[in-house]
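Peer 1: No sequence on hand, only this structure:
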């Protein structure tokens with residue numbers, strides 16, 4: 001909990017009340033076409049906070065969608081996005097949040113070598129923005145970190161399709177005869 005004293009604001013962790021959160025989660029994953037797999041998830045929560053001096057109520061909606069496209073036997077693409085509506089968490093009002101990612105993959109040498117190119121946070125939209133509401137003061141927090149990244153990734157798998165040699169395990173079953 002934050003509290004002002006003289007010209008400074010202090011933070012002290014403490015139990016300040018109770019919360020009740022009721023929610024619904026739905027997830028769906030399936031091939032739309034042979035070459036297109038989609039995974040969709042959504043959460044709806046009704047959040048109630050019963051704090052020492054005030055009660056807060058909010059609803060939160062979050063949506064996640066993930067698309068995988070097999071362009072050919074050696075090329076694939078992934079596009080994903082996440083959204084969260086504004087909501088209240090205890091004394092803190094948290095602003096909405098959106099992020100999206102992209103991945104392009106090419107396979108070589110019978111899929112033993114995979115080269116991937118990632119773009120995280122395509123629109124450079126990830127940020128932390130919230131507001132604290134207290135009896136004596138209100139604080140606004142905003143932080144925009146470097147979240148947009150570009151990554152080139154390569155992995156080579158050795159013996160991915162080799163068959164294990166079949167060996168017969170010969171045993172005298174001496175443990176069985178001991179009983």
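Peer 2: Sure thing, it's come through. As the structure is a computational prediction, the values presented were derived from the model and not from experiment.
Peer 1: Going by C-alpha atoms from here, please, whenever you check contacts or count neighbours.
Peer 2: Will do.
Peer 1: now the helices: where do they sit in this protein?
Peer 2: Using DSSP state H, the helices of the chain run over residues 174-178.
Peer 1: If you rank every helix and strand of it by mean pLDDT, what lands last?
Peer 2: The weakest-scoring helix or strand in the chain, judged by mean pLDDT, DSSP states H and E, is helix 174-178 (a mean of 58).
Peer 1: For this protein, which segments count as strands?
Peer 2: Using DSSP state E, the strands found in the chain span residues 2-5, 8-11, 17-33, 36-51, 55-70, 75-84, 87-89, 92-94, 97-108, 113-120, 128-133, 138-143, 149-156.
Peer 1: now the longest one, how far from the centre of its chain.
Peer 2: By that I understand strand 17-33. Computed by CA atoms, centre = their mean, to the nearest Å, the chain-centroid distance of strand 17-33 equals 13 Å.
Peer 1: shaky segments in the chain?
Peer 2: 1-3, 14, 16, 135, 160-179 (pLDDT under 70).
Peer 1: Could you rerun that using 80?
Peer 2: 1-17, 51-56, 90-91, 133-138, 159-179 (pLDDT under 80).
Peer 1: Distance of residue 9 relative to residue 132?
Peer 2: 12 Å (CA to CA, to the nearest Å).
Peer 1: neighbour-wise, which of those two wins?
Peer 2: residue 132 (18 against 11; other CA atoms under 10 Å).
Peer 1: can you tell me which residues contact that one?
Peer 2: Residues near residue 132 by CA atoms under 8 Å, 6 or more residues apart in numbering: 91-93, 138-140.
Peer 1: tell me which of these is nearest to residue 50?
Peer 2: Nearest to residue 50 among those, counting by CA to CA, is residue 91 at 10.2 Å.
Peer 1: Next up, phi/psi of the closest one, please.
Peer 2: When read as degrees, to the nearest 10, the backbone of residue 91 gives phi -90, psi 0.
Peer 1: That one reaches residue 134, doesn't it?
Peer 2: Yes: using CA atoms under 8 Å, residue 91 is in contact with residue 134, at 7.0 Å.
Peer 1: For these two, indicate the residue with more neighbours.
Peer 2: It is residue 91, of residue 91 and residue 134, that has more neighbours when counted by other CA under 10 Å, with 19 against 16.
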